[in-house]
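*Asks:* sequence first, then the predicted structure:
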Amino acid sequence: MLVVVVVAGLAGLTAARQLSDAGHHVVVFDKGRSPGGRLATRRIGSSRFDHGAQFFTIRSDEFAALVQPHLDAGLVFEWCRGFSAQGDGYPRYAVRAGMNAWAKALAVGLDVRCNTLVFAIRPGAANSGAAWEVALDDGTSVPADALVVTCPLAQSYSLIVSAEVALPEELVRTEYDRTIALLAVLDRAPAVDEPGGLNNPTDTLSFVADNQRKGISEAPALTVHAAAGWSDQHWSQSSDELIADLSAAAADYIGSANIVEVQLKKWRFATPRVIWPEPCWVAAESAGPLVLAGDAFAGPRVEGAVLSGLAAANALL
Ligand SMILES: Cc1cc2nc3c(=O)[nH]c(=O)nc-3n(C[C@H](O)[C@H](O)[C@H](O)COP(=O)(O)OP(=O)(O)OC[C@H]3O[C@@H](n4cnc5c(N)ncnc54)[C@H](O)[C@@H]3O)c2cc1C
């Protein structure tokens with residue numbers, strides 16, 4: 001069976017891995033320059049920033065079993081046990097070379113085609129022998145026997161409006177919180193104590209990370225995430241205004257360091273507000289098998305994306 005997985009976030013990569021291991025021919029498309037989606041890491045000189053997901057937790061045995069080989073191999077490490085002074089005893093994990101390295105490791109050996117925007121999904125033409133046709137924005141299209149679609153839901157919906165599939169209204173209307181991220185290269189270490197992360201330090205900020213203290217950056221690198229409400233209210237401001245406002249909001253954590261270089265990243269679909277009660281959605285009546293998955297199904301976090309990807313693969317197997 002030829003399965004096309006639309007997008008190479010953690011959910012799509014997990015589904016692709018399972019399906020490929022089960023012997024199916026799998027092709028994965030993503031518009032990004034590299035796989036990973038919100039599992040994102042950026043380098044500026046010698047500074048390395050996680051600027052999407054900062055860490056992950058393990059709540060289920062299923063996810064623990066998947067992570068264990070990466071822990072054993074040293075790709076994943078336990079970062080800390082909480083962000084308050086005394087911690088809460090609950091492990092937070094991170095990835096040695098930045099969170100995105102995990103996505104890259106999952107993609108090894110898979111046919112992942114990045115820099116490829118999927119434009120539309122349609123039932124295959126009657127004489128094509130394929131259930132689906134996946135149209136790409138360069139004007140070409142690819143046939144598929146089955147589809148796994150794991151974009152944030154608004155994007156999945158716009159892809160499958162042409163697929164003649166009736167999506168439940170609640171899925172179509174799922175809203176996402178936004179996050180504006182500031183990435184600051186500093187000339188010396190910032191004022192962020194061990195373990196190098198602060199959860200909800202102020203009303204304006206949802207997370208502040210010293211990526212060097214965290215253990216993923218050679219040089220000082222501060223990630224600042226604006227809280228959802230603040231990001232929503234300030235979304236349309238100019239980049240210069242956002243940089244000035246977020247630098248001011250993070251002044252206590254920048255401390256006596258100077259900002260050498262700064263970049264912004266705006267996550268339009270950062271966190272789904274409502275989670276679908278099942279770990280994936282399987283179309284009941286459609287041209288062929290079609291499964292929607294992603295963190296809006298099994299929980300708005302790394303583990304949720306992985307478990308949803310697994311559920312999508314199992315639905316097809
Ligand atoms: C700022 C931020 C902080 C976070 N912090 C944490 C954290 O600390 N811990 C935690 O557990 N989780 C965290 N998360 C959540 C976590 O990152 C996500 O739950 C998880 O990565 C979602 O994976 P996914 O595969 O469902 O979707 P995504 O990773 O979003 O993958 C979607 C992919 O769709 C692609 N795409 C969309 N439309 C198209 C198209 N038409 N054609 C081709 N490609 C397309 C995009 O390029 C992207 O690669 C955070 C998220 C953000 C944004």
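*Replies:* Right, received. Where do you want to start? Computed from a predicted model, the values in this text were never measured in an experiment. Residues are numbered from 1 along each chain as shown.
*Asks:* for the protein, longest helix please?
*Replies:* Determined from DSSP state H, the single longest helix within the chain is helix 302-316.
*Asks:* quick one, what contacts the spatially closest residue to residue 189 that is not a sequence neighbour?
*Replies:* Leaving out its chain neighbours, the residue that sits closest to residue 189 by CB to CB, 6 or more residues apart in numbering is residue 220, at 5.4 Å. C-betas here are computed from N, CA, C, even on glycine. Residues in contact with residue 220 (CB atoms under 8 Å, 6 or more residues apart in numbering) are 47, 185-190, 210, 212, 257.
*Asks:* returning to what we had before: list the helices and strands the longest helix of the chain packs on?
*Replies:* If you count contacts as 3 or more CB pairs under 8 Å, 6 or more residues apart in numbering; DSSP states H and E, helix 302-316 packs onto helix 10-21, helix 61-72, strand 146-149, strand 290-292, helix 295-298.
*Asks:* quick one: closest of the ones you listed to residue 167.
*Replies:* With CB to CB, the closest approach to residue 167 among those belongs to strand 290-292: 7.8 Å.
*Asks:* just put the helices and strands packed on helix 302-316 in JSON lines and tack on mean pLDDT.
*Replies:* Output for the helices and strands packed on helix 302-316, formatted as JSON lines (pLDDT from 0 to 100):
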{"stretch": "helix 10-21", "mean pLDDT": "98"}
{"stretch": "helix 61-72", "mean pLDDT": "97"}
{"stretch": "strand 146-149", "mean pLDDT": "98"}
{"stretch": "strand 290-292", "mean pLDDT": "98"}
{"stretch": "helix 295-298", "mean pLDDT": "98"}
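*Asks:* which of the contacts of residue 220 sit farthest apart?
*Replies:* Spatially, the most separated pair among the contacts of residue 220 is 187 and 210, at 13.9 Å (CB to CB).
*Asks:* the more surrounded of those two?
*Replies:* Comparing residue 187 with residue 210 by neighbour count (other CB atoms under 10 Å), the higher total belongs to residue 210, at 24 against 11.
*Asks:* for the more buried one, grab phi and psi.
*Replies:* phi -90, psi 100 (degrees, to the nearest 10).
*Asks:* hey, what's it bridged with?
*Replies:* Using DSSP bridges, the bridge partners assigned to residue 210 are residue 222.
*Asks:* what bits of this structure have low per-residue confidence?
*Replies:* Scanning the chain for pLDDT under 70 picks out nothing.
*Asks:* in it, which strand is the longest?
*Replies:* Across the chain, the strand with the greatest residue count (assigned by DSSP state E) is strand 259-272.
*Asks:* in its sheet, what does the next helix or strand after that strand sit against?
*Replies:* Counting by DSSP states H and E, the next helix or strand C-terminal to strand 259-272 is strand 281-282. Neighbouring strands of strand 281-282 in its sheet, by DSSP bridges, are strand 290-292 (antiparallel).
*Asks:* so what's the gap between the strand it pairs with and the chain middle?
*Replies:* Here the centre of strand 290-292 is set off from its chain's centre by 18 Å, with CA atoms, centre = their mean, to the nearest Å.
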